[in-house]
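> Sequence first, predicted coordinates after that:
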Amino acid sequence: MPTLVFSNADATPKNVSIEVGLCSVWYVMAWYGAYHAGDRYTATLDGRDVPMDQNGSPITREGLDASR
């Protein structure tokens, strides 16, 4: 199962990782972005950066495909 990691300079703990199905990544990232609005954070999926929009949702499906 893929590992999604949030690294948040404004939160404690600074790094949080969860195992999540690929079909749920978008929803988890959208929730995290809403809950931590205004924080400085990044997200990685299996060690690769996930580009985000201003709301914290992934901006592309690249990297979120099960075929990778």
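Happy to help now that I have it.
> got the buried residues for stretch 6-19?
Neighbour-count burial for stretch 6-19 flags Phe6, Asn8 (criterion: 16 or more other C-beta atoms under 10 Å). No exception for glycine: its C-beta is placed from N, CA and C like everyone else's.
> Need the distance between the two termini of it.
Terminal residues of stretch 6-19 lie 12 Å apart, using C-alpha to C-alpha, to the nearest Å.
> residues in contact with stretch 47-54?
Residues lying outside stretch 47-54 but in contact with it, judged by C-beta atoms under 8 Å, 6 or more residues apart in numbering, are Leu4, Val25, Met29, Gly33, Thr42, Ala43, Thr44, Pro58, Ile59, Thr60, Gly63, Leu64.
> Point out where the protein drops to low pLDDT.
Applying pLDDT under 70 to the chain picks out residues 61-68.
> Just the helices from it, written as ranges.
25-35 (DSSP state H).
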